[in-house]
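In: model this:
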Amino acid sequence: TLSGLGRFDEAVAATKKSVALEPRNYKAYYNLGLNAALAAGDDKYKDTPQGAAYKKEALEALNWSIELGKNNDYIFFSRNDIENLKIIYTRLGAYREAARVLELAIFWVDINNKPLFATKEKQWFLDAISLYRTLRDTEGIVRVAEAFKETVKNDENLIRDLDLIIEFAKQKNWEVLDTL
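Out: Okay, here's the model as predicted:
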């Protein structure tokens, strides 16, 4: 790919053309967001106005990609897409967006109201809880931890740990939560 060759300006320009051709295609925005994020993180653009512009473009494109993708009844993000979104958002310092994409994946259902990901990724729950902890977002921690408990009904130790996390979050005991 052009980004893989370090030709970020060309990669962003090419994916912008793709978006212009298919403005309702979530994958086109996803690719634009990935290319812009890669450009923003390149040494050539770090701490420059162009790097800041690429970061802004990446966040806008990825957010729009998610909005289009979650409203599409037939095409959804893959597990790899979810992982990439989590990583890119985190690297861009957009922790709330990273947590939001994980939570979308955790709760996503298809047109028949069945979970999109039949086996929930344990790591997604843990990462979302960690991101919400970083954000000091009690409701996010509680919401994800409660949902996680539903998926691990037979693991008494994990349920006990999640109950403690929920209790510490409700108490806003960030000092303890930060050690977990």
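
In: and the longest helix for the protein?
Out: helix 49-70 (DSSP state H).

In: by contact count, what packs against the helix or strand following that one?
Out: Where DSSP states H and E defines the elements, the next helix or strand beyond helix 49-70 is helix 79-91. Under the contact criterion of 3 or more Cβ pairs under 8 Å, 6 or more residues apart in numbering; DSSP states H and E, helix 79-91 touches helix 26-41, helix 49-70, helix 95-107, helix 122-134. Glycine gets a C-beta too; all of them are placed from N, C-alpha and C.

In: can we see that at 7 Å?
Out: Here helix 79-91 is seen to pack against helix 26-41, helix 49-70, helix 95-107 when contacts are counted using 3 or more Cβ pairs under 7 Å, 6 or more residues apart in numbering; DSSP states H and E.

In: Determine the set of other helices and strands touching the longest helix of the chain.
Out: Helix 49-70 is packed against helix 26-41, helix 79-91, helix 95-107, with contacts defined by 3+ Cβ pairs under 7 Å, 6+ apart.

In: That one: how far from the chain's middle?
Out: When C-alpha coordinates are averaged (Cα atoms, centre = their mean, to the nearest Å), helix 49-70 and its chain have centres 12 Å apart.

In: between that helix and helix 79-91, how many degrees?
Out: Here the directions of helix 49-70 and helix 79-91 differ by 140 degrees (axes from the mean of the first three to the mean of the last three Cα atoms, to 10 degrees).

In: Any buried residues in helix 49-70, and which?
Out: Buried residues in helix 49-70, counted by 16 or more other Cβ atoms under 10 Å: 51, 54-55, 57-59, 61-66, 68-69.

In: how about low-confidence regions in this structure?
Out: Counting by pLDDT under 70, the low-confidence segments of the chain come to 71-76, 109-120.
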